[in-house]
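A predicted structure for the sequence below; I have some questions about it.
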Amino acid sequence: MPPCLSDSGRDPRDAHGRGDPRGCAGGRGRPGRSGGFSGSGGGRYPEAMTTHGGVATAASPGRPDAGASWPGRFETVAWWLLPLFVFALPLSVAASGILLTALLAVWAGLLVTAGERPAVPAFFWPLAAYSGWTLATVPFSIDPTASLIESREVLLYLTVPVVYRLARGDRAWSMTNVVLTAGALTAAIGIVQYGILEFDNLGRRPSGSMGHYMTYAGLLMLALVVAVSRVTFGARDRLWAALMLPALMAALAVTLTRGAWIGALAAVGLLLVLRDRRLLLVAPVAVLVVYFVAPATVTDRALSIFDPANPTNRDRVAMFTVGAGMVRDHPVTGVGPEMVLRRYAEYRPDNAVNDVNPHLHNVPMQIAAERGLPALALWAWFVVAITRDLARRFRRPETRTLAAAGLAAVAAMLVAGQFEYNFGDSEFLLLFLVLITLPAAREAGLETGKPAGAPASRPASPDPESADTEVSDPQ
C-alpha cells in the first residue's frame, strides 16, 4: 500500500503506523492545518465538522462532538423549547409566556455564539415598520407610560425570526403535528366543559384552559385550519388530522363564538377553492347537516348573526361609531396604544349597549383608532406581503400544504377580525405568526439544507407532505 502523504509531503501517520486514515488521499478528506479536514471542494476548516441534531456545526479542536460547542448546545436547547412553546400556546398562558421568554434568550445566545445575524423572511419588514410606528405614537398618548408598557406586544413579533431560524426543513412539518396534538387536547377540555360541567350558555361558555372564550375559539379556529389543510393537501399523514377534525369542529361550535365560526368557514372555503373549486359545492350541504344536528343553543346563536336587534350586534355598530370618531380626531397617531378603553366614554353614542368596551372588536378600526391611519396602512402592507409570500410558496409542491394552512390562517384572521380584535390577542397572535412563518422556514431549509448561519450540511430529506399531490387550477 503506498504511503499516505499530507500537504507537506510527509506521511501523517507516526512510526508505529498510527494516525487517522481518513486524512489519506482517496479517503473522505485531506488533513487541515489544525488537525481538521477539508472537504472535496478544497476549502479548509480549522475545526472538524460534525452533525448535531441534523445541523452541521463546528466542533472545538480535539473535540469530535459538535454538541459540546456552545452553538450546538444552544441549538439543541432552542429546538426543544420551540415545540414546547407551540404546544403550550392553546393550553396555558403562563407556560407559553415562560417558554417564549426562555426561547428568545436561547435564540439570542445561539446567534451570538455562532456569530450569526438574525435572518427574517421578507414579510417581516412591514411588521417591523408597524412596530416602529406603534412606538412612535406612544408620546402622543394621554398616558405615555401605560401605552409604552402595553406596547411590549411588539416583542411578540420576534416569534417570526425565531421560527424562521429553528423550524427549517422537515422541522416545519413537525410543528404542525405539535399544533394538531395541542389543539386536540384543548378541544377535549372544551367538550368536557360543555357536556359535563354545563358550560352551555352565553353566560358560561367553554374556554378550555384560556382566560376567555374568544381567545379559545380563535386558537381552535387556527388548529382547525391546520387540520383541514393537512386533509385537503397532504399526501401523507392525513389520518391524524382527519381524526382531530370532529373534536375541533365540535369544540369550536360550543364556544358560541360567531366571529370564529365565520372566520373558520371562510378559511375552509378558501382551502376547498384552492384544492378544487368544485368542492365548494359541498359546503352548503355540510353547513345544513351541522345546523340540523347541532344543539339548539348553537343554532340559535347562529341565527342571531342576522338579527339587527341582537344586543351584541347593536353594540358592534356603536363600537364602529366610537372608532370612527377617534380616527376623525386623531388621524395620524390615534388615541394611543391601549387607550381606547379610557377614551371610550367621550365618543360613546346614545344607542350603545355597554357603557365601555376594552376594544372595538374590529382589527382595522382598532389599529386606526389606537395608532392612526399610518399604522393601518403598515398593517395592510403586512397583510398584502404575507399573502403574496404564501401564494408564491403555495405553487411549490414542497411547501404547498404549509402555505395553504398559512393562507387559510390569514383569511381566518381577517374575517374573524371584523368581529374581534384577534390581532391584539397575544395567544392567538403567536400561533398565527408561527403558522404563517412555517412555509418560509420549510423552503429555506430545502434551499440551503441547513439553518441560517450554519456551515453547509446534507440536503433536507424529501418533503413529507404534498410532493405527490396535484392541485387543479382554482382560477
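Sure, I can see it.

Show me what counts as buried in the biggest helix by length in the chain.
Criterion DSSP state H: the longest helix present in the chain is helix 170-195. Of all the residues in helix 170-195, those buried under the rule 16 or more other C-beta atoms under 10 Å are 170-187, 189-191, 193-194. (Each C-beta comes from the backbone N, C-alpha and C, glycine too.)

Could you do stretch 394-410 as well?
Applying 16+ other C-beta under 10 Å to stretch 394-410 flags 394, 396-410 as buried.

Distance from the chain centre to that stretch, please.
13 Å (C-alpha atoms, centre = their mean, to the nearest Å).

pLDDT below threshold where in the chain?
1-68, 448-475 (pLDDT under 70).

Show me it divided up by domain.
1-42, 120-146+176-443 (automatic domain parsing).

Now the terminal residues of the last one, how far apart.
Domain 120-146+176-443 has its terminal residues 13 Å apart, counting by C-alpha to C-alpha, to the nearest Å.

what does stretch 340-358 give?
Rule used - C-alpha to C-alpha; the end-to-end distance of stretch 340-358 is 7 Å.

which residues in the stretch 1-150 of the chain form helices?
For the stretch 1-150 of the chain, applying DSSP state H, counting those that start in this stretch gives helices covering 70-88, 93-114, 124-137, 144-150.

Deepest in the core, which of those helices is it.
Comparing these on average neighbours per residue, with mean count of other C-beta atoms under 10 Å, the densest one is helix 70-88 at a mean of 21.

Okay, angle between that helix and helix 93-114 too, please.
160 degrees (axes from the mean of the first three to the mean of the last three C-alpha atoms, to 10 degrees).

Quick check: closest non-adjacent residue to L224.
With C-beta to C-beta, 6 or more residues apart in numbering as the criterion, L224 has its nearest non-adjacent residue at 4.5 Å, and that residue is L248.

Format the CA atom coordinates belonging to the host helix or strand of that neighbour as PDB.
Per DSSP states H and E, L248 falls inside helix 238-254. Listed next in PDB are the C-alpha coordinates belonging to helix 238-254 (Å, rounded to 0.1, in the frame of the first residue of the first chain):
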ATOM      1  CA  ARG A 238     -53.800  12.700   6.800                       C
ATOM      2  CA  LEU A 239     -55.300  10.200   9.300                       C
ATOM      3  CA  TRP A 240     -54.200  12.100  12.400                       C
ATOM      4  CA  ALA A 241     -55.600  15.400  11.100                       C
ATOM      5  CA  ALA A 242     -58.800  13.700  10.000                       C
ATOM      6  CA  LEU A 243     -59.300  12.200  13.400                       C
ATOM      7  CA  MET A 244     -58.900  15.600  15.100                       C
ATOM      8  CA  LEU A 245     -61.400  17.400  12.800                       C
ATOM      9  CA  PRO A 246     -64.600  16.300  14.600                       C
ATOM     10  CA  ALA A 247     -63.300  17.300  18.000                       C
ATOM     11  CA  LEU A 248     -62.000  20.600  16.800                       C
ATOM     12  CA  MET A 249     -65.300  21.400  15.000                       C
ATOM     13  CA  ALA A 250     -67.400  20.400  18.000                       C
ATOM     14  CA  ALA A 251     -65.300  22.400  20.500                       C
ATOM     15  CA  LEU A 252     -65.400  25.500  18.200                       C
ATOM     16  CA  ALA A 253     -69.200  25.100  17.800                       C
ATOM     17  CA  VAL A 254     -70.000  25.000  21.500                       C
END
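
after it, next one along is what?
Counting by DSSP H and E, what follows helix 238-254 is helix 258-275.

What residues of that following helix count as buried?
258-272, 274-275.

Helices along the stretch 301-450 of the chain, start to end?
Using DSSP H, counting those that start in this stretch, the helices of the stretch 301-450 of the chain run over 311-329, 340-347, 363-371, 373-394, 400-416, 426-448.

Same list (the ones you listed) but as JSON lines, adding distance to L222.
As requested, the helices of the stretch 301-450 of the chain are arranged in JSON lines below (distance: least, C-beta to C-beta, whole Å):
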{"stretch": "helix 311-329", "distance to L222": "23"}
{"stretch": "helix 340-347", "distance to L222": "25"}
{"stretch": "helix 363-371", "distance to L222": "15"}
{"stretch": "helix 373-394", "distance to L222": "15"}
{"stretch": "helix 400-416", "distance to L222": "6"}
{"stretch": "helix 426-448", "distance to L222": "5"}
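
chain center to the helix or strand containing T232, what's the gap?
Here T232, judged by DSSP H and E, is contained in helix 213-233. Relative to its parent chain, helix 213-233 has a centroid offset of 12 Å by C-alpha atoms, centre = their mean.

same check, this time on stretch 233-240
Worked out by C-alpha atoms, centre = their mean, stretch 233-240 lies 20 Å from the chain centre.

Any idea how far apart the tips of that stretch sit?
14 Å.

hmm, back to that, the helices of the stretch 301-450 of the chain: which one's closest to A119?
Shortest distance between A119 and these, using C-beta to C-beta, is found for helix 426-448: 7.7 Å.

elements contacting that closest one?
Packing partners of helix 426-448 (3 or more C-beta pairs under 8 Å, 6 or more residues apart in numbering; DSSP states H and E): helix 93-114, helix 159-166, helix 170-195, helix 213-233, helix 373-394, helix 400-416.

So which other helices or strands are in contact with the shortest one?
Same thing as helix 159-166. Contacts defined by 3+ C-beta pairs under 8 Å, 6+ apart place helix 159-166 against helix 70-88, helix 93-114, helix 124-137, helix 426-448.

Now tabulate the ones you listed in JSON lines and tack on distance to L281.
JSON lines is the format used below for the helices and strands packed on helix 159-166 (distance: least, C-beta to C-beta, whole Å):
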{"stretch": "helix 70-88", "distance to L281": "35"}
{"stretch": "helix 93-114", "distance to L281": "40"}
{"stretch": "helix 124-137", "distance to L281": "36"}
{"stretch": "helix 426-448", "distance to L281": "27"}
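
Tell me which of those helices lies nearest to D350.
helix 124-137 (29.5 Å).

how far off helix 426-448 does that closest one point, in degrees?
Using the same axes, to 10 degrees: helix 124-137 against helix 426-448 is 140 degrees.

how far off helix 159-166 does helix 124-137 point, in degrees?
Orientation of helix 124-137 against helix 159-166 (the same axes, to 10 degrees) gives an angle of 150 degrees.

What is helix 124-137 packed up against?
helix 159-166, helix 363-371, helix 373-394.

how does it look with 10 Å?
helix 144-150, helix 159-166, helix 363-371, helix 373-394, helix 426-448 (3 or more C-beta pairs under 10 Å, 6 or more residues apart in numbering; DSSP states H and E).

And those: which comes nearest W79?
Nearest of the helices and strands packed on helix 124-137 (C-beta to C-beta): helix 159-166, 5.9 Å.

Which one of the buried residues of stretch 394-410 is nearest to M221?
Looking across the buried residues of stretch 394-410 and measuring by C-beta to C-beta, the closest to M221 is A409, at 8.7 Å.

contacting residues around the closest one?
Contact analysis of A409 by C-beta atoms under 10 Å, 6 or more residues apart in numbering lists 221-222, 225-226, 229, 263, 267, 386, 390, 431-436, 438.
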